[in-house]
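Sharing a sequence plus its predicted fold:
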Amino acid sequence: MKKKSKINNIRNIGIIAHIDAGKTTVTERILYYTGRSHKIGEVHNGEAVMDWMVDEQERGITITSAVTTCHWGDLEIHIIDTPGHVDFTIEVERSLRVLDGAVGVFSAVEGVEPQSETVWRQADKYGVPKMAFINKMDRIGADFFGTVDMMKERLSANPLLLQLPVGQGENFTDVIDLIDMKQISWDEETLGVDYHIGDISDEYLKQAEEYREKIIEIAAEYDDEVMEAYLSEMPIDPQKILDAIRKATINLNLIPLLCGSALKNKGIQPLLDAIAKFLPSPVDVPPIKGTHPETGDIIECKARESDPLAALIFKVSMIEGRKLSFVRVYSGRMKAGEDVYNPSLKKKEKLARILQMHANKRERVDTIGAGSIAGIVGLKDSSTGETLCSSNHPVLLEKIEIYEPVISVAVEPRTHADQEKMDVVLQKFMAEDPTLRVRQDEDTGQTILSGMGELHLEIITSRMQREFKTNVNVGQPQVVYRETIADPSKASAVFDKEIAGQRLYGEVSLKVAPLPRGTGNRFISEISTEALPQNLIEAAQKGALESLESGSLMGYPVVDVEIKLAAINHKDSLSTELAYTVSASMACREAIAKSGPFLLEPIMDAEIFVPEAFTGDVIGDLNARGGKIGAIDHKLGSQVIKVTVPLSRMFGYSTSLRSATQGRGTFTMQFARFDRS
């Protein structure tokens, strides 16, 4: 049993970046140098510990965020290695929701790439303090200072250079530590386990002194004692500089920046030291706030084990057919065998087992406290985004934002046995992945899967066959549209029927009008609650809004519509909530059908990276697909084309782009909005 870590020695961090920037490679080195794994797993060999799924190993990408725990000195580090592909953005979103700090990994060759921007903005949204590691310094075309400039320009970041590289590309050898003014070199024979700290080479000394001076100037801005010593030209205690940087990092003012080459085993130990020095422990960040489920009062959940329990389920996985829930404990303690309360479901659940996670391997522990991230077995009904707490001190933590799917495929079981398995398997996948939706098409009887992109759905169907031996045929991808209206209109409807011997009567008049794109739906009652009971108005609202779930054109959800309840004909003895729900639904459907309904399709933001020689062909192809070119930027011998384009015109684009650019073009794409193309 490992010794218990004090809460201020815990670090909950995420490794975030664009696909192929080297996140998983960095994580593998961290696990090796901290003694958590006994050999270095390489992504290109399909042997990375954190990429444990077969699909991850074959494709060389991270699909699911993997959790692990390692120790560095007195530090207990919980690491989440997150995906870099846009189709799995939800994995990054829910990881950042529970992390206290993040390390952004950037390729020194490609610099700040589109998905790097996306995950960086997600971290900004949750106020997560960040550090940066410029990786791949050994690669041809590596540009350390160019990448730093891109961070400032694209991320509006304020990077603080704590290290300088000695050489770039093939000439990259060592790293200069600007705090201690030392040069660090790594022993290749011991795979970087042994490293040497020596004096800075003469040719780099002047540059190092200049950047060291900049560190002191910036630290002085955030610490009065450093400022005083700096102005009076007195010696400055290095610890005071570190404290000032730490404070500014936690307050989101600075991004400590380091460099190295994870693949060549250079730069990882100083990165671990920097995580300890600059990223916050659970007690260094503001306490998370929740609400009382009954009173709505704000409750602060402080990172103390003596306080009542407050924990958030941020991810659910089905491993070997069993449900495993990942939780972040914000306050209090959890003990195996005890009951916890889920205020969303208003029921108790039993913690059968608590597991310390190491990717897909796990180790049983009896108890976990505030600041910890762990796996829980035994929760039957609780799901992603729900809170676990004490029934005596209930609290509801803010749920995790879920993205709407934009693409669908039809799946059909190959045999009758597959049909029975398929329904069960899809239920498991939906519990695991909140961005996956499953529905039955009433017209065709097909099962329709909706997700975040072609790769997302490809992985789901691959896992169905591999993990659960469920054989399915997959149809062509279909776009998930929305419907809206062009004009205002009004309609009335009467519901007058006898049900189970009781006559029910409801008459409702509604007005509908279009709203600006992206506004959502809105219901307004023009009838005062004095003229009509509130419960009947709410019944009409329920019926009207439910009718928007299926539009009059093709049955897609209707969006950006305002509904006004204009009049209700009320008969005391006959009018019931059900009657008004049904009549409001009928009136709303009729009004929508008269309002010039039309389809909205998913519009995507895409960035295409192409060698200059092929730019004209690629732009021509994008124009033919209905794309609107926003900007063309020059970067490292390539052109970056920014374009908005309908998703329906982008199926199979990766193949077309490869053909047009001799395999050298790449692109990333993410959902922007629903709109007319």
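Right, received. Where do you want to start? Numbering: from 1, shown residues only.

The residue nearest to Phe598 when sequence neighbours are not counted: how many residues sit nearby?
Excluding the flanking residues, the one nearest Phe598 by C-beta to C-beta, 6 or more residues apart in numbering is Ala486, at 6.1 Å. Yep, even glycine has a C-beta here, placed from its N, CA and C like the rest. By the measure other C-beta atoms under 10 Å, the count of residues near Ala486 is 10.

List the residues that contact Ala486.
Going by C-beta atoms under 8 Å, 6 or more residues apart in numbering, Ala486 touches 514, 595-598.

what packs against the lengthiest helix in the chain?
Determined from DSSP state H, the single longest helix within the chain is helix 202-222. When contacts are defined as 3 or more C-beta pairs under 8 Å, 6 or more residues apart in numbering; DSSP states H and E, helix 202-222 sits against strand 159-161, strand 163-166, helix 224-231, helix 238-250.

List the contacts of the first one.
Which is strand 159-161. Residues contacting strand 159-161 (C-beta under 8 Å, 6+ apart): 132, 148, 151-152, 178, 211, 214-215, 218, 245, 248, 254-257.

Identify the neighbouring strands of that strand in the sheet and state each direction.
Applying DSSP bridges, strand 159-161 is found paired with strand 255-259 (parallel).

And the helix or strand following the strand it pairs with, what does it pack against?
Following strand 255-259 in sequence order, the next helix or strand is helix 268-278 (DSSP states H and E). Where contact means 3+ C-beta pairs under 8 Å, 6+ apart, helix 268-278 is packed against strand 10-16, helix 23-33, strand 66-72, strand 75-81, strand 101-107, strand 130-135, helix 238-250, strand 255-259.

So which of those is nearest Thr118?
With C-beta to C-beta as the measure, strand 10-16 is the member of the helices and strands packed on helix 268-278 nearest Thr118 (9.5 Å).

Flag every buried residue along that closest one.
Buried residues in strand 10-16, counted by 16 or more other C-beta atoms under 10 Å: 10-16.

Please look at Glu170 and Gly141 and confirm they touch.
No: if you go by C-beta atoms under 8 Å, Glu170 and Gly141 don't touch, sitting 10.5 Å apart.

Looking at those two now, which is surrounded by more residues?
For Glu170 versus Gly141, neighbours defined as other C-beta under 10 Å are more numerous around Gly141 (14 against 10).

residue boundaries of the strands in the stretch 451-600 of the chain?
Under the criterion DSSP state E, counting those that start in this stretch, strands of the stretch 451-600 of the chain are mapped to 472-474, 478-479, 482-485, 489-499, 502-514, 522-525, 561-569, 597-611.

For Ser317, which residues are in contact?
Counting by C-beta under 8 Å, 6+ apart, Ser317 has contacts 64, 323-324, 326, 432.

what's the average pLDDT for the one helix or strand it maps to?
If you go by DSSP H and E, Ser317 is part of strand 310-319. The pLDDT scores in strand 310-319 average 82.

again with stretch 105-113
89.

same question, stretch 134-149
The pLDDT scores in stretch 134-149 average 94.

For that stretch, buried residues please.
134-139, 142-144, 146-148.

quick one on the thing from earlier: need the CA coordinates for the strand holding Ser317. CSV is fine.
The C-alpha trace of strand 310-319 is given here as CSV (Å, rounded to 0.1, in the frame of the first residue of the first chain):
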residue,chain,number,x,y,z
ALA,A,310,-18.9,16.0,-3.0
ALA,A,311,-17.7,14.0,-6.1
LEU,A,312,-18.5,14.3,-9.8
ILE,A,313,-18.8,11.3,-12.2
PHE,A,314,-17.0,12.7,-15.3
LYS,A,315,-16.8,9.5,-17.4
VAL,A,316,-18.4,6.0,-17.6
SER,A,317,-16.6,3.1,-19.3
MET,A,318,-17.8,-0.4,-20.1
ILE,A,319,-14.7,-2.6,-19.5
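
Tell me the gap between stretch 158-173 and the middle of its chain.
Remark: stretch 158-173 is offset 29 Å from the chain centroid, using C-alpha atoms, centre = their mean, to the nearest Å.

can you pull the buried residues of that stretch?
Neighbour-count burial for stretch 158-173 flags 159-166, 168-169, 172-173 (criterion: 16+ other C-beta under 10 Å).

I'd like the residues you listed laid out as JSON lines, including distance to Pro282 and pLDDT.
Putting the buried residues of stretch 158-173 into JSON lines (distance: C-beta to C-beta, whole Å; pLDDT from 0 to 100) gives the following:
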{"residue": "Pro159", "distance to Pro282": "25", "pLDDT": "95"}
{"residue": "Leu160", "distance to Pro282": "24", "pLDDT": "96"}
{"residue": "Leu161", "distance to Pro282": "28", "pLDDT": "97"}
{"residue": "Leu162", "distance to Pro282": "24", "pLDDT": "97"}
{"residue": "Gln163", "distance to Pro282": "27", "pLDDT": "96"}
{"residue": "Leu164", "distance to Pro282": "32", "pLDDT": "96"}
{"residue": "Pro165", "distance to Pro282": "33", "pLDDT": "96"}
{"residue": "Val166", "distance to Pro282": "36", "pLDDT": "95"}
{"residue": "Gln168", "distance to Pro282": "38", "pLDDT": "91"}
{"residue": "Gly169", "distance to Pro282": "40", "pLDDT": "90"}
{"residue": "Phe172", "distance to Pro282": "36", "pLDDT": "95"}
{"residue": "Thr173", "distance to Pro282": "38", "pLDDT": "94"}
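
Distance to His634 added to those, as a markdown table?
Shown next, in a markdown table, are those (distance: C-beta to C-beta, whole Å):
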| residue | distance to His634 |
| --- | --- |
| Pro159 | 22 |
| Leu160 | 28 |
| Leu161 | 25 |
| Leu162 | 30 |
| Gln163 | 28 |
| Leu164 | 26 |
| Pro165 | 24 |
| Val166 | 29 |
| Gln168 | 20 |
| Gly169 | 20 |
| Phe172 | 25 |
| Thr173 | 30 |
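
Thought Ala276 was touching Arg246, still the case?
No: using C-beta under 8 Å, Arg246 is not in contact with Ala276; the gap is 10.0 Å.

More neighbours: the two, which one.
Arg246 (20 against 17).

Just list the residues touching the more buried one, thanks.
Arg246 neighbours (C-beta under 8 Å, 6+ apart): 277-278.

for Ile15, same thing?
23-24, 26-27, 79-82, 102-103, 105.

which residue ranges form the helices in the stretch 501-650 of the chain?
534-547, 577-593, 615-624 (DSSP state H, counting those that start in this stretch).

mind putting those helices in TSV, mean pLDDT included?
TSV is the format used below for the helices of the stretch 501-650 of the chain (pLDDT from 0 to 100):
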stretch	mean pLDDT
helix 534-547	91
helix 577-593	93
helix 615-624	92
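
Would you mind finding the most buried of these?
helix 577-593 (a mean of 23; mean count of other C-beta atoms under 10 Å).

ok, residues contacting it?
Residues outside helix 577-593 that contact it (C-beta under 8 Å, 6+ apart) are 485, 489-495, 504-512, 535-536, 538-544, 546-548, 551-552, 558, 561, 563, 565, 568.

make it 6 Å
489-493, 495, 504-506, 508, 510, 512, 536, 539-540, 542-544, 547, 552 (C-beta atoms under 6 Å, 6 or more residues apart in numbering).

mind checking how far that helix is from the chain centre?
For helix 577-593, the distance to the chain centre is 38 Å (C-alpha atoms, centre = their mean).

show me what contacts Tyr481?
556, 599, 601.

Lowest-scoring secondary structure element of this protein by mean pLDDT?
helix 54-59 (a mean of 42; mean pLDDT, DSSP states H and E).

could you measure Asn342 against Ile376, distance?
For Asn342, the distance to Ile376 equals 12 Å [C-beta to C-beta, to the nearest Å].
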